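Asker: give me a model of this one.
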Amino acid sequence: MNKKSTFIAAIITILFAVNLRAQVTITRNSMDIYKISTEEGNAMIVDGKADENFWSNIPFQNITHPLVNDAFTETPPATNGYEAKFKAAYDEYYLYTYIEVKDNTPIYFDGTTSATNVDNIEFYFSGEEPSDSYKNPKNTQLRMFPGVSDPYKNYATGYGYVMTMVYDNLLSGFYYETSNIDGGYTMEAIIPWETVLPEEFLTKIKDGDKILFDINASNCTTTTSGRSVILGWSTPDFHDWTYNRYFGDLNFKGNITSRVESEQINHLKYTIRNNTLQLFNAELLTPISIYNISGKLIKSTTYNSNGIDISNLANGIYIVKIGNYYIKINKINIKSVYRHA
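Answerer: Numbering: from 1, shown residues only. The predicted structure is shown next:
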């Protein structure tokens, strides 16, 4: 074949691929996600396990669609027994997730290997119809790694809005743990909405509204050849995984249980500024207890008008008991926080 014929054949191939892309019919998944109470007795313990009451009424969603690695027209890879599923719940401040992956030979991140050459879980978020690129500054791709240990705890990479919240590949107020199970691993995470969604989209986190969402699970067989299988939750059209504009709908619903949170706690407000937790509408000398998200008591004091010094607390999520009531705070140095409890 001469050079002219080769050039023409290449053009025809490109046009054919573009035409295939244009003709793809996109079918999005849609998932109802339920608001959950984290009052006393129903707290999520971030330990990579789903054995607490918190998860008992929340069903699994399967991550079953093989995504094409490189070329849009490539045949989807064989999964070879690789499986993944997840649970998710929310409140107005956080997304809670639990993932189980069936993988007999996981490749874990060690701080030196490329992030795409080890097993990983990727979340995608968008508050509006996204552009063609998940790198859009209003979209978020957040990648987490199973099997991580100190000093790489909470190591995360990604693109888009989330990168404005990442420092030294760590996220403040963001936490996950992984655990080995028979034939695979689990991952449990608590993700602040403000970490993955720009401020203008935070108003969507309420009953009756929705955002766009996807979750991928990537399997690697070596630390040099990259991902061999990528499974996605949302779109069963085997599109190129880099085209994650085909998110699914995450539909926010009311409480999944009949629990009713105490109305009395709704009048409590707080701010965190300059390492001081300031409570509003709390009575002076009220006993205060601060717990980490594993339930360990970190600090005990009484409330006074000067607020509570939390300078010795690492950035992260804490449960604060104020008398007989509880609020959840997120110590984060990126910006001042003002919220209704």
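
Asker: the closest residue to residue 185 other than its chain neighbours in helix, strand or coil?
Answerer: Excluding the flanking residues, the one nearest residue 185 by CB to CB, 6 or more residues apart in numbering is residue 146, at 4.6 Å. No exception for glycine: its C-beta is placed from N, CA and C like everyone else's. Following DSSP: H, G, I helix; E, B strand; the rest coil, we place residue 146 in the coil state.

Asker: can you give me the strands in the stretch 1-150 of the chain?
Answerer: 30-35, 61-63, 65-66, 83-90, 94-102, 120-126, 139-144 (DSSP state E, counting those that start in this stretch).

Asker: distance of the residue nearest to residue 185 relative to residue 115?
Answerer: 13 Å (CB to CB, to the nearest Å).

Asker: overlap in contacts of those two?
Answerer: Common neighbours of residue 146 and residue 115 are listed as residue 109 (criterion: CB atoms under 8 Å, 6 or more residues apart in numbering).

Asker: so what are the sheet partners of the helix or strand harbouring residue 190 and their directions?
Answerer: Assigned by DSSP states H and E, residue 190 belongs to strand 184-192. The pairing partners recorded for strand 184-192 under DSSP bridges are strand 94-102 (antiparallel), strand 175-181 (antiparallel).

Asker: just name the most buried of those.
Answerer: strand 94-102 (a mean of 22; mean count of other CB atoms under 10 Å).

Asker: residues touching that strand, excluding its own?
Answerer: Strand 94-102 has contacts (CB under 8 Å, 6+ apart) with 36, 44, 50, 54-55, 60, 81-90, 119, 121, 123, 146, 181, 183-193, 196, 215, 217, 317, 328.

Asker: would you mind listing which of those are buried?
Answerer: 36, 44, 50, 54-55, 82-90, 119, 121, 123, 146, 184-193, 196, 215, 217, 317, 328 (16 or more other CB atoms under 10 Å).

Asker: check contacts around residue 107.
Answerer: 113, 117-119, 220-223.

Asker: if we go to 6 Å?
Answerer: Listed by CB atoms under 6 Å, 6 or more residues apart in numbering, the contact partners of residue 107 are 118-119, 220, 223.

Asker: can you pull the pLDDT of the residue nearest to residue 185?
Answerer: Note for residue 146: predicted pLDDT of 92.

Asker: pretty sure it contacts residue 177?
Answerer: No. With contact taken as CB atoms under 6 Å, residue 146 and residue 177 are classed as non-touching, separated by 9.8 Å.

Asker: hang on, the earlier thing: just send the contacts of residue 107 back as CSV, with distance to residue 159 and pLDDT too.
Answerer: Converted to CSV, these look like this (distance: CB to CB, whole Å; pLDDT from 0 to 100):
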residue, distance to residue 159, pLDDT
118, 18, 92
119, 19, 94
220, 19, 90
223, 22, 87
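
Asker: now stretch 314-328: mean pLDDT?
Answerer: Averaging pLDDT along stretch 314-328 yields 78.

Asker: chain center to that stretch: distance?
Answerer: 22 Å (CA atoms, centre = their mean, to the nearest Å).

Asker: count of neighbours near residue 274?
Answerer: Using other CB atoms under 10 Å, residue 274 is surrounded by 10 other residues.

Asker: let me see the contact set for it.
Answerer: Contacts of residue 274 by CB under 6 Å, 6+ apart: none found.

Asker: quick one: pLDDT of it?
Answerer: Confidence score, pLDDT, at residue 274: 76.

Asker: and the longest strand along the chain, what other elements does it pack with?
Answerer: Secondary structure of the chain per DSSP state E: the longest strand is strand 210-220. Strand 210-220 is packed against strand 120-126, strand 227-232, strand 248-255, with contacts defined by 3 or more CB pairs under 6 Å, 6 or more residues apart in numbering; DSSP states H and E.

Asker: between that strand and strand 248-255, how big is the angle?
Answerer: Angle of strand 210-220 versus strand 248-255, following axes from the mean of the first three to the mean of the last three CA atoms, to 10 degrees, is 120 degrees.

Asker: next one: stretch 53-62 to chain centre, how far?
Answerer: Distance, stretch centre to chain centre, for stretch 53-62: 16 Å (CA atoms, centre = their mean).

Asker: okay, buried residues for it please.
Answerer: 54-55, 58, 61.

Asker: ok, so of the residues you listed, who is nearest residue 271?
Answerer: residue 54 (27.6 Å; CB to CB).

Asker: excluding sequence neighbours, find me the nearest residue to that closest one.
Answerer: Residue 54's closest residue in space is residue 44 (CB to CB, 6+ apart), at 4.4 Å.

Asker: contacts only, for residue 298.
Answerer: Neighbouring residues of residue 298 by CB under 6 Å, 6+ apart: 290, 292.
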